[in-house]
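# Just need the structure, nothing else, for what follows:
(chains A and B)
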Amino acid sequence: MKLQNGSNDMVVIKNLSKAFGDNVVLKDISISIKEGDVVVIIGASGSGKTTLIRCINGLEEVTSGDIYVRGVEVAHSKSDLIEMRKEIGMVFQHFNLFAHLTVLDNIMIGPTKVLKIKKEEAHKKALALLDQVGLSDKSGAYPDELSGGQQQRVAIARALAMGPRVMLFDEPTSALDPEMVGEVLSVMKQLAKEKITMIVVTHEMGFAKEVGDMVIFMDDGLIVEQGKPKEIFSHPKEERTKAFFNKIL
Amino acid sequence: MNILSIINAAMPQLLYGAKLTVLYSIATIFFATIVGLIFALCKLSITASLRKIGESYVHLFRGLPLLVEIFYVYFALPMVLPLHRWFDPYFTPVAGILALTLNEGAYITEIIRAGVLSVPKGQTEAALSISMSKYQTMRYIILPQAFKRMIPPLMNQFIQTIKDTSLLSVISINELTRQGQIIISTTFESLQIWTAVAIIYLIVILSLTSISSYFERKYEITKR
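Reported below is the predicted structural model:
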């Protein structure tokens, strides 16, 4: 465990590179994220956005560089990975709810088996979280009985049940039917208001503009441009950013 | 003598044989499932040497005829390992169960491994993301889902195991097939006795099949 000097930022990434074999997908990435910030990462498919946030909770091993979460170096220390993941919640593009467990058990299994919280307490908290994401009536349902939007809201509740300091969202609305995007985004906006640190990979530019404190535009494994959403969206400086906006807006 | 009275006279001996067939099957299924789980976890391990061990085990015991394995354990192995003295006077049943277990275990290894691999990778990632250890992920997330998918191929293998016990007749274990041979050697009533033997095998195997469909239905209800 290596302590980082000086900074009290929530997540600090320094000179991060990641390669799959000869294929370099992240090139010398450095970011600092303050507590309570909502950081939105945008960019074309294959630009490395997803790999970047998967590196933050160790689902991908980094090739070189450092990642600090609340000042603790995590990228290279396998033993700290489990401890560190307690601080970092993750929401996946394809929800990944545990298919053999009910909604309630999906939310409770982490707190009871990992955090060793008493069943009654975990149950109470799970019900409160279900209420927060608007699914109190679905506690006994199995994931395949829910719509995509409902599944994703359960997945958010499952991550929140661990009491994370940082939430990672990997294209949380990309696999949803258009009419279900709104219900997931509104839960995320609520979280942003509660000042949970969030790192969101998304194609929802409206969400980025509305709740993002910082927008990062990535292309070809590099951070091309970063800044306040207003500046990036209205006055992109880089040619590649302009070209990207021209294509999608 | 008509057919019924022939079978009737042979019945106590045949039922004794059927009892041994069932006992050897249960013992083999029990040990082979444990052996299969151990070697499946070896094959799924990230440690290369463990994977190698699992692979070698499957290659060896799936790659030989069961009959040769039975002969090897019973006749050849005692030449280098005095198993017959260690397990005296139970060497014959031990050798029979050992040979069957090693063989069926190799197939069960592959069934369990395939079951685990059939659970989508996202389930593992989600478990890791809520801070589960690898052991917890396997225990609470992967194996419960894999198990349900393994029921049909496992039942298939268990049925195969029951039939394979008939090969134990070659090392003088008095299971159903051997009982049939013994009776015929004195009565020469091949048609009647083999018909009776065949029917008893079918009854044993069909009862296992109905247990299996009960489990499949039970898990069908929840579909997960």
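# my read: residue A:94 touches residue B:122, true?
Yes. Using Cβ atoms under 8 Å, residue A:94 is in contact with residue B:122, at 5.7 Å. Every C-beta, even on glycine, is put in place using the N, C-alpha and C of the backbone.
# SS state for residue B:64?
Following DSSP: H, G, I helix; E, B strand; the rest coil, residue B:64 is assigned to coil.
# which ones are touching it?
Residue B:64 is in contact with B:72, B:103, counting by Cβ atoms under 8 Å, 6 or more residues apart in numbering or on different chains.
# That one and residue B:79, how far apart?
Look at residue B:64 and residue B:79: by Cβ to Cβ, to the nearest Å, they are 18 Å apart.
# Could you verify that residue A:25 is part of a helix?
No. When the secondary structure is assigned by three-state DSSP, residue A:25 falls in strand instead of a helix.
# Go ahead and list the helix or strand containing the residue nearest to the spatial centre of chain A.
By Cα atoms, centre = their mean, chain A has its centre lying nearest to residue A:168, at 1.3 Å. Per DSSP states H and E: residue A:168 is located in strand A:166-170.
# Go over the secondary structure and confirm residue A:199 is in a strand.
Yes. Residue state for residue A:199 (three-state DSSP) corresponds to a strand.
# how about the helices in the chain?
All of this is about chain A. Using DSSP state H, the helices of chain A run over A:49-56, A:78-85, A:103-109, A:119-132, A:148-160, A:178-193, A:205-211, A:229-234, A:239-248.
# Please refer instead to chain B.
Going by DSSP H, chain B shows helices at B:3-44, B:48-62, B:66-71, B:77-80, B:83-86, B:91-117, B:121-129, B:134-136, B:143-164, B:176-187, B:190-222.
# Can you add mean pLDDT and give the ones you listed back as a markdown table?
What follows is those, written out as a markdown table (pLDDT from 0 to 100):
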| stretch | mean pLDDT |
| --- | --- |
| helix B:3-44 | 93 |
| helix B:48-62 | 97 |
| helix B:66-71 | 97 |
| helix B:77-80 | 93 |
| helix B:83-86 | 88 |
| helix B:91-117 | 96 |
| helix B:121-129 | 96 |
| helix B:134-136 | 92 |
| helix B:143-164 | 92 |
| helix B:176-187 | 94 |
| helix B:190-222 | 87 |
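# just checking, residue A:173 touches residue A:204?
Yes. Contact status for residue A:173 versus residue A:204: in contact at 6.0 Å, counting by Cβ under 8 Å.
# more neighbours, the two?
residue A:173 (24 against 20; other Cβ atoms under 10 Å in any protein chain shown).
# which residues sit in contact with the more buried one?
Per Cβ under 8 Å, 6+ apart, neighbours of residue A:173: A:152, A:180-181, A:184-185, A:202-204.
# quick revisit: may I see the helices of chain A organised as TSV, with distance to residue B:38, mean pLDDT and mean neighbour count added?
Formatted as TSV, those follow (distance: least, Cβ to Cβ, whole Å; pLDDT from 0 to 100; neighbours: other Cβ atoms under 10 Å in any protein chain shown):
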stretch	distance to residue B:38	mean pLDDT	mean neighbour count
helix A:49-56	32	93	24
helix A:78-85	25	80	16
helix A:103-109	26	96	24
helix A:119-132	32	95	16
helix A:148-160	32	95	25
helix A:178-193	43	92	17
helix A:205-211	49	91	17
helix A:229-234	55	91	16
helix A:239-248	52	89	14
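# excluding its backbone neighbours, what's nearest residue B:130?
residue A:110 (3.8 Å; Cβ to Cβ, 6 or more residues apart in numbering or on different chains).
# And for residue B:144?
In space, and not counting its chain neighbours, residue B:144 is closest to residue A:100: 5.2 Å by Cβ to Cβ, 6+ apart.
# what residues does stretch A:100-109 touch?
Identification of contacts with stretch A:100-109 by Cβ under 8 Å, 6+ apart yields A:97-98, A:119, A:122-123, A:126-127, A:129-130, A:135, A:138-143, A:146, A:154, A:157-158, A:161, B:130, B:140, B:144-145, B:148, B:224.
# quick revisit: return the distance of the strand holding residue A:168 from the chain's centre.
1 Å (Cα atoms, centre = their mean, to the nearest Å).
# what touches both of residue A:173 and residue A:204?
A:181, A:185.
# and the strand holding residue A:168, what does it pack onto?
helix A:49-56, strand A:88-91, helix A:148-160, strand A:197-201 (3 or more Cβ pairs under 8 Å, 6 or more residues apart in numbering or on different chains; DSSP states H and E).
# by how many degrees do it and helix A:178-193 diverge?
160 degrees (axes from the mean of the first three to the mean of the last three Cα atoms, to 10 degrees).
# So in that sheet, which strands flank strand A:166-170, and in what orientation?
On the basis of DSSP bridges, the sheet neighbours of strand A:166-170 come out as strand A:88-91 (parallel), strand A:197-201 (parallel).
# Count the residues that sit near the residue lying closest to residue A:34 once chain neighbours are set aside.
The shortest distance from residue A:34 to any non-neighbouring residue, by Cβ to Cβ, 6+ apart, is to residue A:9 (5.4 Å). Using other Cβ under 10 Å, the number of residues around residue A:9 comes to 19.
# same question, the one 4 residues further on
A count of nearby residues for residue A:13, using other Cβ under 10 Å, gives 23.
# Please tell me how far the closest residue to residue A:81 other than its chain neighbours sits from residue A:162.
With Cβ to Cβ, 6+ apart as the criterion, residue A:81 has its nearest non-adjacent residue at 4.6 Å, and that residue is residue A:58. Residue A:58 sits 15 Å away from residue A:162, going by Cβ to Cβ.
# Kindly report the residues of chain A close to chain B.
Residues of chain A found near chain B (Cβ under 8 Å from any Cβ of the partner chain) are A:57-59, A:82-83, A:85-86, A:88-90, A:92, A:94, A:96-100, A:109-110, A:113-115, A:142, A:144, A:155, A:158-159, A:161-162.
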